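this one's sequence-less:
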C-alpha cells in the first residue's frame, strides 16, 4: 500500500477547490493549513501590497483599505471583491480562483457561516401586491424623476415634532457583508434593496420579514425602481436594478422571479452604480466603470471605457438607444515603455441616476473625470439628451482639464501628462421649478462646489457656491437634496482636517441660508472616525436627514440647521433574519423615508470607512 502524498500550500488549495464544489466552501480548512500563508502572501505582496500597505496619506492609501481593514472582512467578501464585478476585479486580472482563495485566507481569519434562508421569512405570501397608490412610497434613487430626494409630508408621515421620538424598530443583516451601498426602495408596503454579494431582497416594510431573495450576476449597488408591467390584469409590477457586471434585471415585485435581464456594456470594467430612472415605461440606465483603478499599471492597455446612458423598454428588456458620453470611439494612440498599447479617449462615467425633464423631453446625466488626455469636453459635466433618441442636446462642463487614473507617478506613460484633481460628479442633477416659473438644475461636485444651471440656456451656470474644499473622495460626494426653495448640501472632505458639515442654499440664488458644521467626534480614532458627510441626504418638510462616516444618522431642522435627532449606528444589532450584524460608516446611499418610518444602511468597508452589514428601520414608538 502506497502512502498518499501530503498536500500543502497551493496544492492543497487546488485539491480542495477541485474536489468539493468550489473554493469558498474550503476556506475553513485552508485556514488550518500551517503553510497556507505562503501562496496567498506571495501573491498579495506581488499584486496587492503596493496599495493596501501604502503609506498613510498617499493616493493609494485613500483609495484602498489597509491590510488591517481587510482583516475585518470575511474571506468570502474578499474573494467577491476580486472576482468579476467586484471592486477589485480590474486589479485582479490573471489571478485564478484558487489564488483568490489563498489571498483571502492569508488576509482574513473570518469565515462566513452560511445564512439560514428560512429565518425571518414572512409567514404568508400574498396573492397580489396591495394597491400602491394607497400606500406611501419612496421609489428609486431620488423618489421621483427630478431626483430631488424630497418626500412630501403626507407620504413621509414624520414631522419636526415626531422625528426626535424615532427609535429603532428592527434591523436586518447581510451575510458576510462589509458595505451597505444600495439604497432601499419602499413600494406597495415592501422594501426592496440590493447588496454587495448580489442578493436583492424584498422585505415587509413594517416588520422586516423577508418575502423573497433574488441572486443577481454580481453585486447590486443601484437603487431599485418599481413600476407596472404593461398589459397585465390585474396589474402586476416589476422591480428594476443594475449590477456590477453592467447587467440590468427586471424581476416580478411580488415573487422575485426573473422577467428579463440585459447586459448593457461589454467592457470588463463596466458596472451600474446609479439607479435606473423609470418614466413612462422606459428605463434610463447610467453606466460607470472602475477602469481608472488599473489604468496606471504598465501592463494595462489604458484606457477604453466610455460612460453611457442606455434607454430600455421596461416591459420587454429591449434596448431602445445607447448614447456614449464621449461620442468618439477610442483608438490606439501608441505604446508605453513596456510595449502595452495605449488608447484614447476614455472616461466620463455616469455614476448617478439620470434626471428626467418630462416637460422639455430631456434627460440630464452628470459625468465623471476623463481617464486620458486631453480630457473630453463632456467629462465633469452635465449633459442633456433627447428622451426619444438619446441625441446630445447640450453639454455644460465645469472642470475642463480633469484627466485622472489612480496611482500615477512621474514617467508613467499610462498616465495623463497633467493629472487632474478627480472632481467627478457623484450627485444626480436635481431639477427644481422656481417661483417665477423658470427652472434650475442644481448639483454638487467633488470639488466642493455646488452649481445652479439654466436648462433653457444650454446648462449655463447661473450661480455657484463653495461648500467644501474638495478632494478625490469629495467635496460633495454622493447626493444633495432640495425642497421647493432650498438645496441642502452635505460635505465630505474626508481627507481634510475639517471634514463634514451641512449647508442650506437658496435654489434660485445660490446664497447661503445656514451652515451647520460637523458635530464633535465621539469615536476614539480608527477607521471611519471622521465627521465627513459623504452619503446622499434626504429631505421632508421641516427635516433633513444626513448620515456620516463616523456612523451617525442625524436629523436637522430645515429652518435653522439645528440637529434635532442623532443615532450612533456603530454597534452590534440583533436582526430579524438571525444574521450577526453591526453598523459602521454611512456612505454612498441616503436614507429613505416613507409611512412614518426611516430606513438607512450602515457599513462602508472601503476607502476610509468602517465595515458594517446592517439595514436599520426606525419609527416613532
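Nice, I can see it. A quick note: this is a predicted structure, and the numbers were derived from the prediction, not measured.

low-scoring stretches of the stretch 451-600 of the chain, by residue?
Across the stretch 451-600 of the chain, nothing is flagged by pLDDT under 70.

so where do the strands sit in it?
460-466, 481-482, 486-490, 502-506, 512-516, 538-540, 543-547, 552-557, 563-568, 572-573, 581-582, 592-594, 597-602 (DSSP state E, counting those that start in this stretch).

packing partners for the first one?
Same thing as strand 460-466. Strand 460-466 makes packing contacts with strand 449-454 when contacts are defined by 3 or more Cβ pairs under 8 Å, 6 or more residues apart in numbering; DSSP states H and E. The C-beta positions use only the backbone N, C-alpha and C, and glycine is treated the same way.

list the buried ones in the strand it packs on?
Residues 449-454 are the ones in strand 449-454 that count as buried (16 or more other Cβ atoms under 10 Å).

so where do the helices sit in this protein?
Here the chain has its helices, by DSSP state H, at 9-19, 27-30, 37-47, 49-52, 59-63, 67-71, 75-82, 97-107, 153-156.

now the third one: mean pLDDT?
Confidence over helix 37-47, taken as the mean pLDDT, stands at 74.

show me what it is packed up against.
With contacts taken as 3+ Cβ pairs under 8 Å, 6+ apart, helix 37-47 sits against helix 9-19, helix 97-107.

output the strands of the stretch 451-600 of the chain as JSON lines; include the columns mean neighbour count.
Formatted as JSON lines, the strands of the stretch 451-600 of the chain follow (neighbours: other Cβ atoms under 10 Å):
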{"stretch": "strand 460-466", "mean neighbour count": "16"}
{"stretch": "strand 481-482", "mean neighbour count": "26"}
{"stretch": "strand 486-490", "mean neighbour count": "27"}
{"stretch": "strand 502-506", "mean neighbour count": "22"}
{"stretch": "strand 512-516", "mean neighbour count": "16"}
{"stretch": "strand 538-540", "mean neighbour count": "27"}
{"stretch": "strand 543-547", "mean neighbour count": "27"}
{"stretch": "strand 552-557", "mean neighbour count": "23"}
{"stretch": "strand 563-568", "mean neighbour count": "16"}
{"stretch": "strand 572-573", "mean neighbour count": "17"}
{"stretch": "strand 581-582", "mean neighbour count": "22"}
{"stretch": "strand 592-594", "mean neighbour count": "27"}
{"stretch": "strand 597-602", "mean neighbour count": "28"}
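
do I have it right that residue 199 meets residue 213?
Yes. Counting by Cβ atoms under 8 Å, residue 213 is a contact partner of residue 199 at 5.4 Å.

the more surrounded of these two?
The residue with more neighbours, out of residue 199 and residue 213, is residue 199; 18 against 15, by other Cβ atoms under 10 Å.

count the neighbours of residue 273 for me.
Around residue 273 there are 27 other residues, counting by other Cβ under 10 Å.

tell me, what's the model's pLDDT at it?
Confidence score, pLDDT, at residue 273: 97.

which residues touch it?
By Cβ atoms under 8 Å, 6 or more residues apart in numbering, the residues touching residue 273 are 221-222, 242, 286, 288, 351-352.

switch the cut-off to 10 Å
181-182, 219-223, 242-244, 286-290, 349-353, 426, 478, 588 (Cβ atoms under 10 Å, 6 or more residues apart in numbering).

repeat that for residue 208.
Contacts of residue 208 by Cβ under 10 Å, 6+ apart are 120, 122, 169-172, 191, 201, 575-577, 599, 615-617.

buried subset of these?
Counted by 16+ other Cβ under 10 Å, the contacts of residue 208 give 120, 122, 169-172, 191, 201, 575-577, 599, 615-617 as buried.

of these, which is the nearest to residue 45?
Nearest to residue 45 out of the buried ones among the contacts of residue 208 is residue 615 (Cβ to Cβ; 36.6 Å).

look up how far residue 318 lies from that closest one.
Here residue 615 is placed at a distance of 33 Å from residue 318 (Cβ to Cβ, to the nearest Å).

skipping adjacent residues, who's closest to residue 331 in space?
residue 343 (6.7 Å; Cβ to Cβ, 6 or more residues apart in numbering).

right, and the one you found touches residue 334 too?
Yes. Between residue 343 and residue 334 there is a contact at 9.2 Å, judged by Cβ atoms under 10 Å.

give me the more crowded residue out of these two.
Legend: neighbour count by other Cβ under 10 Å for residue 343 and residue 334, higher for residue 343 (18 against 10).

find me the pLDDT at that one, would you?
pLDDT, residue 343: 98.

partners of it in the sheet?
Here residue 343 sits in beta bridges with residue 332, as judged by DSSP bridges.

what's the neighbour count on residue 184?
Residue 184 sits with 26 neighbouring residues when counted by other Cβ under 10 Å.

for it, which residues are in contact?
By Cβ under 10 Å, 6+ apart, the neighbours of residue 184 are 138, 172, 190-194, 201, 203, 205, 223-224, 589, 591-592, 594, 599-601, 615, 617.

not counting sequence-adjacent ones, nearest residue to it?
Per Cβ to Cβ, 6+ apart, closest to residue 184 is residue 193, 4.3 Å.

the one you found is in contact with residue 183, isn't it?
Yes. Contact criterion Cβ under 10 Å: residue 193 and residue 183 qualify, at 6.9 Å.

picking that back up, from the buried ones among the contacts of residue 208, which is closest to residue 462?
Nearest to residue 462 among the buried ones among the contacts of residue 208 is residue 599, at 34.9 Å by Cβ to Cβ.

from the contacts of residue 273, which would you call buried?
Neighbour-count burial (16+ other Cβ under 10 Å) is assigned, among the contacts of residue 273, to 181-182, 219-223, 242-244, 286-290, 349-353, 426, 478, 588.

ok, residue 445 - contacts?
By Cβ under 10 Å, 6+ apart, the contact set of residue 445 is 366, 380, 382, 398-399, 423-427, 451, 464, 467-468, 470, 474-477.

sorry, wrong one. I was asking about residue 393.
If you count contacts by Cβ under 10 Å, 6+ apart, then residue 393 has 360-364, 383-386, 455, 458-459 around it.

at 6 Å instead, please
The contact partners of residue 393, by Cβ atoms under 6 Å, 6 or more residues apart in numbering, come to residue 384.

which residue, neighbours along the chain excluded, lies closest to residue 295?
Closest to residue 295 by Cβ to Cβ, 6+ apart is residue 405, at 3.3 Å.

to what extent is residue 396 buried, counted in neighbours?
For residue 396, the neighbour count with other Cβ under 10 Å is 23.

across the sheet, point out what pairs with it.
residue 382.

that one contacts residue 382, doesn't it?
Yes. Using Cβ atoms under 6 Å, residue 396 makes contact with residue 382 at a distance of 4.8 Å.

between these two, which contacts overlap?
In terms of Cβ under 6 Å, 6+ apart, residue 396 and residue 382 are both contacted by the residues residue 459.

just checking, which of the contacts of residue 208 belong to strands?
169-172, 191, 201, 599, 615-617 (DSSP state E).

you'd agree residue 422 is up against residue 472?
Yes. Using Cβ under 6 Å, residue 422 is in contact with residue 472, at 4.0 Å.

that older thread, least reliable of the helices and strands packed on helix 37-47 going by mean pLDDT?
Across those, helix 9-19 gives the lowest mean pLDDT, at a mean of 35.

coming back round to it: thinking the residue nearest to residue 331 is in contact with residue 304, fair?
Yes. Assessed by Cβ under 6 Å, residue 343 is found in contact with residue 304 at 4.9 Å.

touching both of the two, which residues are there?
residue 330.

ok, the residue nearest to residue 346 when sequence neighbours are not counted to residue 337 distance?
Nearest residue to residue 346, sequence neighbours excluded (Cβ to Cβ, 6+ apart): residue 303, at 3.7 Å. Distance of residue 303 to residue 337, computed by Cβ to Cβ: 17 Å.

neighbour count winner among these two?
residue 303 (26 against 10).

contacting residues for the more buried one?
Going by Cβ under 6 Å, 6+ apart, residue 303 touches 291, 295, 346, 371-372.

residue 132: which of the residues you listed is nearest?
Nearest member of the contacts of residue 303 to residue 132, counting by Cβ to Cβ, is residue 291, at 38.6 Å.
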